[in-house]
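A.B. asks: Predicted model and sequence follow; I will ask about them next.
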Amino acid sequence: MKILVVGRAGQLAWELRRTLACFGEVVALDRHSEPAIDLAEPGAVAAVVRAVRPDLIVNAAAYTAVDRAEQEPELAWKVNAEAPSVLAAEAARLGVGLIHYSTDYVFPGDGAVPYREDDPVGPRNVYGRSKLAGEQAIAESGAAHVILRTAWVYGVRGQNFMKTMLRLMAERALVRVIDDQRGAPTWVRMIAEATAILVARSLRAGLADLSGSSGVYHLTCSGQTSWYGFACAIREQAVAAGLLPDTAARVEPIPTSEYPTPAQRPAYSVLDLSKLEERFGIAPPDWRHALELCLADLAGQ
Ligand SMILES: NC(=O)C1=CN([C@@H]2O[C@H](COP(=O)(O)OP(=O)(O)OC[C@H]3O[C@@H](n4cnc5c(N)ncnc54)[C@H](OP(=O)(O)O)[C@@H]3O)[C@@H](O)[C@H]2O)C=CC1
Ligand SMILES: Cc1cn([C@H]2C[C@H](O)[C@@H](COP(=O)(O)OP(=O)(O)O[C@H]3O[C@@H](C)C(=O)[C@@H](O)[C@H]3O)O2)c(=O)[nH]c1=O
Ligand SMILES: [Mg+2]
């Protein structure tokens, strides 16, 4: 099986290149690869897919700068909505499946129980609206597709909250973190491993067949916390792993109103995971346990 991974060096693309390698040839492309794929030019995306002729497309690329998206909505729209629409059309044309990732930020965040896949959406920011449009275009494309909505993604590579906290906690005496936005921190490696399980469960005659499973699924680590709770756990576990001295910055909880940002974020975006477990038998680990494994990985480098 030939798998086209869109993205190469992003947090998720990097992990997928490893976890999907056991299924055959993985062709991971980005703006700098040969051939190159630039999602900001949706019109040029089809030709790249036709040249590769994959048996499965996995789109791990996205415009993920949530605050910056408020200033460049057209670019976010091209990358997160229009280009996925083209990928889905090409998947439909080739008769192959598309695995795509979306976000908890499609939800408004005014609830207090975990969101299910069919709960009403209502994004609060440009990034969330562009990701939702990508979901909708894929659903309407006719391609066999699995859309995995995840959240609060971190890992050893790339830009993420965990790495920002480790840096700030080493530099400063005090780090102030929002305590009234709740979600589920999710280790990127777990997402890549769950994707591989899902592909394995979909194999038919050596090829991934998503046609019986098309739809949206929630995939995060289990449990929930606030960004402040996540920051405290990062501090505690990083000290235990020898990654930070115990003189590292103190963490102080603050309300959202004391940390103004260009983009509004949902106050509550915990996702209900039962559909994924029922359909694919995947039961994600607790977020604290995953954090411990990630920090052990970082400490071992
Ligand atoms: N990060 C998070 O907290 C969350 C992410 N998600 C979703 O998970 C998926 C993976 O995100 P993650 O790995 O964290 O994202 P990253 O920001 O780490 O990586 C984004 C990837 O997209 C690529 N990319 C960006 N713009 C373009 C473009 N114009 N053309 C081609 N490639 C482009 C980047 O390439 P380059 O390196 O060249 O810029 C990079 O490979 C995305 O769909 C995201 O929306 C969902 C919830 C939370
Ligand atoms: C750095 C910092 C952030 N914060 C807050 C701001 C924000 O509400 C929260 C997290 O900061 P981030 O910059 O990581 O937030 P953000 O980039 O919005 O993270 C989101 O990224 C996109 C791609 C997603 O899809 C979401 O699931 C989510 O992971 O923490 C503090 O309170 N104190 C700090 O020192
Ligand atoms: Mg960010």
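C.D. replies: That came in fine, so what should we check first? Ligands and ions are numbered 1, 2, ... in the order given.

A.B. asks: how about the nearest residue to the residue in the stretch 1-150 of the chain positioned nearest to ligand 2, chain neighbours excluded?
C.D. replies: Using CB to the nearest ligand atom, residue 103 is the residue of the stretch 1-150 of the chain that sits closest to ligand 2, at 3.5 Å. (C-beta placed from N, C-alpha, C; glycine too.) Computed as CB to CB, 6 or more residues apart in numbering, the closest residue to residue 103 that is not its neighbour in sequence is residue 131, at 5.0 Å.

A.B. asks: In terms of helices and strands, where is that neighbour?
C.D. replies: Using DSSP states H and E, residue 131 sits in helix 126-140.

A.B. asks: For that helix, list every residue counted as buried.
C.D. replies: Neighbour-count burial for helix 126-140, counted by 16 or more other CB atoms under 10 Å, picks out 126-138.

A.B. asks: filter the residues you listed down to the ones close to ligand 1.
C.D. replies: residue 131 (CB under 6 Å from any ligand atom).

A.B. asks: which of the buried residues of helix 126-140 lies closest to ligand 1?
C.D. replies: Closest to ligand 1, out of all of the buried residues of helix 126-140 and judged by CB to the nearest ligand atom, is residue 131, at 5.7 Å.

A.B. asks: what about whichever strand or helix holds residue 93 and ligand 1, any contact?
C.D. replies: Element membership for residue 93 (DSSP H and E) is helix 83-94. No - judged by CB under 6 Å from any ligand atom, helix 83-94 and ligand 1 are separated, with a smallest distance of 7.3 Å.

A.B. asks: shift numbering so it begins at 20
C.D. replies: Taking 20 as the first residue, the last one we looked at is helix 102-113.

A.B. asks: Return the list of helices and strands in contact with the next helix or strand after that helix.
C.D. replies: Going down the chain from helix 102-113, the next helix or strand is strand 116-122, by DSSP H and E. Helices and strands touching strand 116-122, by 3 or more CB pairs under 8 Å, 6 or more residues apart in numbering; DSSP states H and E, are strand 75-78, helix 102-113, helix 145-159, strand 164-169, helix 207-220.

A.B. asks: Show me the one of those that comes nearest residue 29.
C.D. replies: Proximity to residue 29 (CB to CB) singles out helix 207-220 among the helices and strands packed on strand 116-122, at 9.2 Å.

A.B. asks: report the angle between the axes of the closest one and strand 164-169?
C.D. replies: With axes from the mean of the first three to the mean of the last three CA atoms, to 10 degrees as the basis, helix 207-220 and strand 164-169 are set at 160 degrees to each other.
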